[in-house]
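# Could you look at this predicted model? Sequence included:
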Amino acid sequence: MVDDKTRMHELIDILDRAGAAYYSSDEEIMSNYEYDRLYDELVALEEKTGIVLAGSPTVSVGYETMSELAKEAHVAPMLSLGKTKSVDELTDWIADKTGLLSMKLDGLSVIITYENGKLVKALTRGNGEVGEVITSNAKTFKNLPGKIPFKGRIVLRGEALIRYSDFDLLTKEADMAAYKNPRNLCSGSVRNLNTEVTAKRRVRFYAYNLIDLEGEGAGISLESGRKKDEIDFISNQGFETVPFKEVSADNLAEKVEEFRTEVENSDLPSDGLVLTYDDIEYSKSLGRTAKAPRDSIALKWQDETAQTTLREIEWSASRTGLINPVAIFDPVELEGTTVRRASVHNVSILEELKLGLGDTVLVYKANMIIPQISDNLTKSGTCKPPEKCPVCGGKTSVVTENGSSVLMCENPECFAKKIHGLSHFVSRDALGIDGLSEATLEKWISRKYISSYLDIFNIEKHKDEIINDDEMKIRDKSYANLTLAIENAKDTTLPAFIYALGIKGVGLATAKDIVNHYPDKSPQEICELSLEELTAVNGIGENIAGEYVQFFADENKKNQAFELIGILRIQKNAPVSADSALAGKNFVITGSLEHFSNRSECKNEIEALGGKVVSAVSANTDFLVNNDVNSTSSKNKKAKELGIPIISEEELRSMMSKDL
């Protein structure tokens with residue numbers, strides 16, 4: 001039997017390796033749930049024995065960074081927080097004080113400094129004492145203001161993160177499906193040596209702490225000595241802040257439950273809540289321990305876990321050839337829903353968990369949202385990557401992408417590649433062919449009606465077969481609507497066409513950047529841009545430029561693109577009327593949507609009519625779109641303070657209809 005001290009050494013080694021991966025790379029060797037379980041075991045052993053071994057994560061602060069980025073000391077130690085999973089303990093902690101309860105965002109801690117209204121420095125948390133300098137990368141964060149009203153010196157701490165919606169788009173557009181979650185992708189993006197990479201990954205910054213403030217007018221808004229007023233001051237400078245609620249012991253449990261519901265529906269990755277005292281002077285008087293400040297405490301979500309049996313590993317192929325493992329297990333109830341499957345993400349995780357059919361596994365919902373396998377109690381390790389593609393039967397190979405082992409299909413004619421490639425081609429942001437679903441495309445491919453993009457525009461030759469196919473259930477009227485949609489899709493823009501081709505790493509925004517940089521070039525010339533011409537476009541580096549050039553170096557792909565150019569009616573960009581009601585107006589979208597399927601669709605329609613969508617409410621915002629006009633959200637409050645109209649989705653659509 002292992003004695004307590006030996007077990008403590010084992011735990012410190014395991015947690016140290018997990019922490020080093022978490023803080024200093026974009027890898028993750030264990031789940032938050034597993035880390036917390038082992039951490040709590042170590043704490044219990046330290047309390048039992050009275051011994052705290054050297055290097056214990058219970059007293060150390062973070063880990064040394066392992067990159068080529070320059071390093072710099074922080075103006076004050078960047079400490080971790082003490083944590084609990086008990087709401088009762090939180091209530092006892094706040095006692096007779098008032099506090100602020102906020103979302104604990106799951107990203108990367110970043111400290112930013114502005115002087116004379118401009119960003120001059122950004123550091124990662126690093127080891128808590130010394131961080132990595134990421135100033136150039138921070139300037140590409142999607143919501144960091146380029147200029148703020150306060151002209152003194154302001155130092156803020158916040159969280160850099162990638163929203164769930166952006167993560168979903170990135171893993172589809174840029175072939176980054178090997179990344180396990182937004183936090184992993186964000187870590188590598190923020191600390192990347194190539195600023196272009198950061199710019200393309202839609203990183204955002206949410207402030208939650210004012211570290212230092214110097215200069216004329218610094219105390220005007222902060223005379224109350226309340227943390228809430230600090231956050232309001234930060235928000236008024238144009239920064240997005242972490243969502244919070246004012247609490248006391250009387251309403252704390254109620255507010256925790258409110259947040260629990262909100263986190264489940266939030267676009268922001270969150271792994272808990274943070275409670276801090278509202279009284280700034282009282283907070284300062286408490287000081288800190290070797291590891292944590294005494295004025296704040298974190299509530300980690302008590303993940304609901306379930307034990308089940310692994311029945312199958314399903315291998316799912318994408319249009320890029322990446323084949324992802326998905327675990328299928330006996331149904332279990334988690335967080336009020338039935339869960340039957342969970343992504344294993346890549347071959348590396350499959351091997352780390354030593355998965356085998358019939359194994360007993362523990363599953364949970366990461367941050368109460370994403371089904372994950374936290375542990376494998378059996379560890380038979382019998383599941384191996386297939387040697388043949390499950391879709392086409394072609395040869396597979398294991399390759400390394402973004403530091404992880406992934407499975408690829410080597411067959412360029414793979415059925416899955418064709419289905420997903422054609423589905424991307426007809427999607428809303430590409431050619432936008434309404435009614436042409438992936439299921440219909442799959443049937444058309446299997447019946448050999450289509451095998452390329454061009455075939456879609458020649459589908460008329462198969463009219464009788466399609467209409468008379470009972471399984472397809474497409475009759476005369478449906479067929480007429482579908483062919484009309486195909487004809488209408490010929491009216492498109494050059495950025496949408498380039499995006500539709502499915503070039504690795506080239507999303508719609510990148511396609512727009514290329515077209516806008518070369519306004520006088522024809523569609524054919526845009527397809528034949530050189531590596532040097534592409535890297536001259538702001539935000540495009542050698543990696544994406546290389547993928548672009550390599551795509552059109554393939555004669556078949558190039559010839560198909562040129563034939564499409566002859567079929568389509570391509571404009572450089574969608575024309576916008578100068579007297580459009582949306583032209584030149586800045587919009588912020590918040591809350592849930594009813595008419596538009598998502599914010600991306602709403603954003604695209606606003607921009608198509610000459611408007612611009614920004615993330616934060618400021619004096620330059622013309623309209624805040626929120627169906628809950630009476631919401632007490634921070635964006636609504638800010639809009640009301642600045643006298644900015646808050647309009648519903650229906651009011652926005654009414655404005656749009658005037659331009660149609």
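Alright, I've got the coordinates.

# right, and the secondary structure at Leu11 would be what?
Leu11 falls in the helix class when you classify it by DSSP: H, G, I helix; E, B strand; the rest coil.

# Surely it touches Asp40?
No: the pair Leu11 / Asp40 is not scored as a contact, 10.1 Å apart, by CB atoms under 8 Å. To be clear about C-beta, it is placed using only N, CA and C from the backbone, and glycine gets the same treatment.

# Please say which of the two ends up with more neighbours.
The residue with more neighbours, out of Leu11 and Asp40, is Leu11; 20 against 13, by other CB atoms under 10 Å.

# Please name the residues that touch the more buried one.
Leu38, Glu41, Leu42, Leu45 (CB atoms under 8 Å, 6 or more residues apart in numbering).

# Quick check: the gap between the residue sitting furthest away from the middle of the chain and Ile456.
Relative to the mean C-alpha coordinate of the chain, counting by CA atoms, centre = their mean, the farthest residue is Asp464 (44.9 Å). Distance of Asp464 to Ile456, given as CB to CB, to the nearest Å: 18 Å.

# How about Asp106?
Counting by CB to CB - Asp106 and Ile456 are separated by 41 Å.

# what do you get for Asp88?
61 Å.

# Ok, Lys603 next?
Going from Lys603 to Ile456 by CB to CB gives 27 Å.

# neighbour-wise, which of these two wins?
For Lys603 versus Ile456, neighbours defined as other CB under 10 Å are more numerous around Ile456 (21 against 16).

# wouldn't that one be in contact with Ile486 here?
Yes: here Ile456 reaches Ile486: they are 6.3 Å apart, a contact under CB under 8 Å.

# would you list every one of the helices in the stretch 101-250 of the chain?
For the stretch 101-250 of the chain, the helices defined by DSSP state H, counting those that start in this stretch cover 135-138, 164-173, 182-190, 195-200, 227-236.

# The first one - contacts with which helices or strands?
Packing contacts for helix 135-138, counted by 3 or more CB pairs under 8 Å, 6 or more residues apart in numbering; DSSP states H and E, involve strand 118-124, helix 182-190, helix 195-200.

# between the ones you listed, which one is nearest to Asn626?
Asn626 lies closest, by CB to CB, to one member of those: helix 182-190, at 24.1 Å.

# mind checking pLDDT for the closest residue to Thr140 other than its chain neighbours?
Once flanking residues are discounted, Thr140 sits nearest to Ala199: 3.8 Å by CB to CB, 6 or more residues apart in numbering. Ala199 carries a pLDDT value of 83.

# and if you look at Glu641?
What the model reports for Glu641 is a pLDDT of 85.

# quick one: contacts for the residue nearest to Glu563 when sequence neighbours are not counted?
Closest residue to Glu563 apart from its sequence neighbours, by CB to CB, 6+ apart: Leu454 at 5.7 Å. Contacts here follow CB under 8 Å, 6+ apart; on that basis Leu454 touches Gln560, Glu563, Leu564, Ile567.

# Next: Gln307.
Counting by CB under 8 Å, 6+ apart, Gln307 has contacts Val332, Thr360, Val361, Leu362, Leu377.

# I'd guessed the second one sits against Thr378; true?
Read it as Thr360. Yes: with contacts counted by CB under 8 Å, Thr360 reaches Thr378, the gap being 5.0 Å.

# Wait, a helix at the residue farthest from the centre of the chain?
Yes: counting by three-state DSSP, Asp464 is found in a helix.

# Which residue lies closest in space to Asp375, excluding its sequence neighbours?
Sequence neighbours aside, Leu362 is the residue nearest to Asp375 in space, at 4.5 Å (criterion: CB to CB, 6+ apart).

# so that neighbour is in which element?
Secondary structure from DSSP states H and E places Leu362 in strand 360-366.

# what does the next helix-or-strand element following that strand contact?
Proceeding N to C from strand 360-366, the next assigned helix or strand is strand 370-376, under DSSP H and E. Strand 370-376 is contacted by residues 31, 33-34, 181, 303, 305, 310, 327, 334, 339, 341-344, 353-355, 359-366 when judged by CB under 8 Å, 6+ apart.

# Just the buried residues of those.
31, 33-34, 181, 303, 305, 310, 327, 334, 339, 342-344, 353, 355, 359, 361-366 (16 or more other CB atoms under 10 Å).

# For Asn536, which non-adjacent residue is spatially closest?
Actually, residue 536 is Ala rather than Asn. Per CB to CB, 6+ apart, closest to Ala536 is His517, 7.2 Å.

# Same check on Ser405?
Counting by CB to CB, 6+ apart, Val347 is the residue found nearest to Ser405 once chain neighbours are left out, at 4.1 Å.

# which residues in the stretch 301-450 of the chain form helices?
Per DSSP H, counting those that start in this stretch, the stretch 301-450 of the chain carries helices over the ranges 347-353, 415-425, 438-446.

# Quick one: residues contacting the closest residue to Met408 other than its chain neighbours.
Distances taken as CB to CB, 6+ apart put Gly321 closest to Met408, at 4.9 Å, once the chain neighbours are dropped. By CB under 8 Å, 6+ apart, Gly321 lies in contact with Met408, Cys409, Glu410, Cys414, Lys417.

# from these, which is closest to Phe233?
Nearest to Phe233 among the contacts of Gly321 is Met408, at 50.7 Å by CB to CB.

# Quick check: beta-bridge partners of the closest one?
Met408 has these beta-bridge partners by DSSP bridges: Leu322, Ser397.

# what's the nearest residue to Asn543 if we skip its chain neighbours?
Gly505 (6.8 Å).

# would that neighbour count as being in a helix?
No: with three-state DSSP as the criterion, Gly505 is coil rather than part of a helix.

# I'd guessed it sits against Ile544; true?
Yes: counting by CB under 8 Å, Ile544 is a contact partner of Gly505 at 4.4 Å.

# shared neighbours, the two?
Between them, Gly505 and Ile544 share these contacting residues under CB under 8 Å, 6+ apart: Lys200.

# Which one of these two is surrounded by more residues?
Comparing Gly505 with Ile544 by other CB under 10 Å, the one with more neighbours is Ile544, at 24 against 20.

# number of nearby residues for the nearest residue to Ser189 once chain neighbours are set aside?
Nearest residue to Ser189 in three dimensions, chain neighbours excluded: Arg201, at 4.1 Å (CB to CB, 6+ apart). Per other CB under 10 Å, the neighbour tally for Arg201 reads 24.

# Tell me where the stretch 201-350 of the chain has strands.
Secondary structure of the stretch 201-350 of the chain (DSSP state E, counting those that start in this stretch): strands at 204-214, 244-247, 270-277, 296-300, 305-317, 322-334, 337-343.

# what packs against the second one?
The reference is to strand 244-247. Using 3+ CB pairs under 8 Å, 6+ apart: strand 244-247 touches strand 99-105, helix 227-236, helix 252-265.

# how about those in JSON lines, adding distance to Glu555, mean neighbour count and mean pLDDT?
Below are the helices and strands packed on strand 244-247 laid out as JSON lines (distance: least, CB to CB, whole Å; neighbours: other CB atoms under 10 Å; pLDDT from 0 to 100):
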{"stretch": "strand 99-105", "distance to Glu555": "48", "mean neighbour count": "24", "mean pLDDT": "94"}
{"stretch": "helix 227-236", "distance to Glu555": "55", "mean neighbour count": "20", "mean pLDDT": "89"}
{"stretch": "helix 252-265", "distance to Glu555": "48", "mean neighbour count": "15", "mean pLDDT": "86"}
